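Peer 1: below are the sequence and a predicted model for it; my questions follow.
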Amino acid sequence: MHNSSLLKILKVLSPSELKELKKFLNCTYLNKHKQCEKLFNILANYHPDFDSPKLDSEKIYKRVFGKDATYEGNESNFRTLVANLKKGVNQFLILEELNNKPEQQHLLLLDAYTKRGASASLQTEVTKKCLNEKSTISSWYFYDRFQLYWKLYNEESTDTYNAISDSFILLNKYLDYFYALTKLKLGIEQQNLHKRDILTTPITLLPAVQEFVKENSDDIPEVILLYTKLVELSQNPENGIDRLKEILSLFESQIPQLSREDSKDIITVLFNFTNSKLQQQISPETYKQLRFEVVKLSVTYGLYTDDQTMSNMQYKIVVLSAIVATKFDWAAKFMEDHQQYLVTASKIFCIQECLGIFYYFKAKALKAPDLYLKSIEAFNVPTGKNDAFNKRKIWSILIAYYEYFLLVKTEYFFTLTHNFHTVIKRCQGFSDEEKRQLLNTLNALKYMAKTRLDPNYVPSVVKKRIEKYRQEEHYRVDWITEMFDEFEQQI
């Protein structure tokens, strides 16, 4: 049953969700098939990979029904059991989602009252109570409010004219808000797809929505104003720095009211903008600081962690954004606090690589040789078969040693480059082409180091090596490119 949809669903559940699912399946009212609970308890032992050979359908069948049970001829019974457990898991997920959506709970409750003939006064009482409760704001928040006011409008059909009029105005207003916010979200997505040449079709009536927001700006919820500004930023990135600062301020004030999904989507839009269009408009230092502010906001409100976990990529993005903005104390605190959230098998490589980069940039900023040595120590961890990290490790150690050499002018660097020749040739993680390119770069660094010791030593081979390096775009490394630029200016 390795390829069953049931295992695919269970695989994406977190450990805490599995515990809650176990409680759910243990409830006889919700789960009328006791064998489902037994099957779940067996399968849960193989979470999250579910790749054990013990998950063979016949083996699982015998563990559920007893070792003397015959699987052959009873395959349909087992399929039914799996289908019932899948149905229970899906019901659990639906209830979990409903727990986070009070407006939809209220609407379902009101539907239940209506079908059972509850009095209009009871329905009105419940509806008004629903409308007074606070909730996160999203497109569906406005749509649910529209539905609640629609019910209230129908319930008040025998009430006073003013009550009917007020309910109608409000239900119309919330429908406008739902429509406006949904169109604005589509507008942002369309801009992202257009940028990647996937979709060029404009969103219909989006200009009308933007005009509607402009005309009613005094009465429009701030979350809609926020999305309007995001659309404008995507459509017209000119003068983006002022708009971005305004959006960041407005966004931070709205985060407590926004759903987590919407907050993460907004951060993604802002981060992508700082990654591309904004970089072209402002100085590198200002760009780095603004990019850091976006990342810092995400960390402050926990938008990079899901169920107490964080991906290696997200961890690196945060650390590198802080480092290049020279926020070394903040980066160190982040690494200390968030290492525990990394759960993948390669997390040790991620932690050590980020630590190595941290010490490298701090050493470069403070001109501190001892920090270069710490950087090298962090990079120089056993890599096993992790070829990707192995490649970056060799590059990083080489560059850190070269920067260390620039400060202390030690002859040991030349012994090191000789040793690196052997290491690179034996490294299994490199193709022959990559080895050749790395050796060319290594030689260029060696000649550059000799030039640092003897200003009269400027062989033409240095320039040739650098030129050769520049021609092979695929293998270029930013740190080395910057180093070569600086070297060429000096000679």
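Peer 2: Happy to help now that I have it. Numbering: from 1, shown residues only.

Peer 1: counting neighbours, which bits of stretch 233-246 end up buried?
Peer 2: Within stretch 233-246, the residues that count as buried by 16 or more other CB atoms under 10 Å are 233, 234, 237, 240, 243, 244. Backbone N, C-alpha and C define where each C-beta goes, glycine included.

Peer 1: ah, wrong one, I meant stretch 77-97
Peer 2: Neighbour count says stretch 77-97 has 78, 81, 82, 84, 85, 86, 88, 89, 92, 93 buried, by 16+ other CB under 10 Å.

Peer 1: just the C-alphas of it, formatted as CSV.
Peer 2: Once non-C-alpha atoms are left out, stretch 77-97 reads as follows in CSV (Å, rounded to 0.1, in the frame of the first residue of the first chain):
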residue,chain,number,x,y,z
ASN,A,77,-12.4,-6.0,2.7
PHE,A,78,-8.9,-4.5,3.2
ARG,A,79,-9.6,-1.8,0.5
THR,A,80,-12.8,-0.9,2.3
LEU,A,81,-11.0,-0.6,5.6
VAL,A,82,-8.4,1.7,4.1
ALA,A,83,-11.2,3.7,2.5
ASN,A,84,-13.0,4.1,5.8
LEU,A,85,-9.7,5.3,7.5
LYS,A,86,-9.1,7.7,4.7
LYS,A,87,-12.7,9.0,5.2
GLY,A,88,-12.0,9.5,8.9
VAL,A,89,-8.7,11.3,8.2
ASN,A,90,-10.5,13.6,5.8
GLN,A,91,-13.3,14.3,8.4
PHE,A,92,-10.6,15.2,10.9
LEU,A,93,-8.9,17.6,8.5
ILE,A,94,-12.3,19.3,7.7
LEU,A,95,-13.0,19.8,11.4
GLU,A,96,-9.5,21.1,12.0
GLU,A,97,-10.0,23.7,9.3
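
Peer 1: how much space separates residue 290 from residue 225?
Peer 2: Relative to residue 225, residue 290 is positioned 21 Å away (CB to CB, to the nearest Å).

Peer 1: same check, this time on residue 325
Peer 2: Distance of residue 325 to residue 225, computed by CB to CB: 28 Å.

Peer 1: same question, residue 173
Peer 2: Distance from residue 173 to residue 225, by CB to CB: 15 Å.

Peer 1: hang on, the earlier thing: more neighbours, residue 325 and residue 225?
Peer 2: Neighbour totals were compared for residue 325 and residue 225, and residue 325 leads with 20 against 17 (other CB atoms under 10 Å).

Peer 1: the more buried one touches residue 284, doesn't it?
Peer 2: No. The pair residue 325 / residue 284 is not scored as a contact, 10.5 Å apart, by CB atoms under 8 Å.

Peer 1: residues of the helix or strand in which residue 294 is found that come out buried?
Peer 2: Per DSSP states H and E, residue 294 falls inside helix 284-300. Within helix 284-300, the residues that qualify as buried are 287-299, counting by 16+ other CB under 10 Å.

Peer 1: quick check, nearest of these to residue 396?
Peer 2: The closest of those to residue 396 turns out to be residue 288 (CB to CB; 20.3 Å).

Peer 1: distance of the residue lying closest to the closest one once chain neighbours are set aside from residue 408?
Peer 2: Distances taken as CB to CB, 6 or more residues apart in numbering place residue 325 nearest to residue 288, at 4.5 Å, with adjacent residues excluded. For residue 325, the distance to residue 408 equals 28 Å [CB to CB].

Peer 1: next one: residue 221
Peer 2: Distance, residue 221 to residue 408, using CB to CB: 60 Å.

Peer 1: the more surrounded of these two?
Peer 2: Neighbours of residue 221 and residue 408, each counted by other CB under 10 Å, are more numerous for residue 221; the result is 18 against 11.

Peer 1: correct me, but the more buried one touches residue 178?
Peer 2: No. With contact defined as CB under 8 Å, residue 221 does not reach residue 178; the gap is 11.0 Å.

Peer 1: what segments of the stretch 351-491 of the chain are helices?
Peer 2: 369-379, 387-408, 412-426, 432-453, 460-471, 478-490 (DSSP state H, counting those that start in this stretch).
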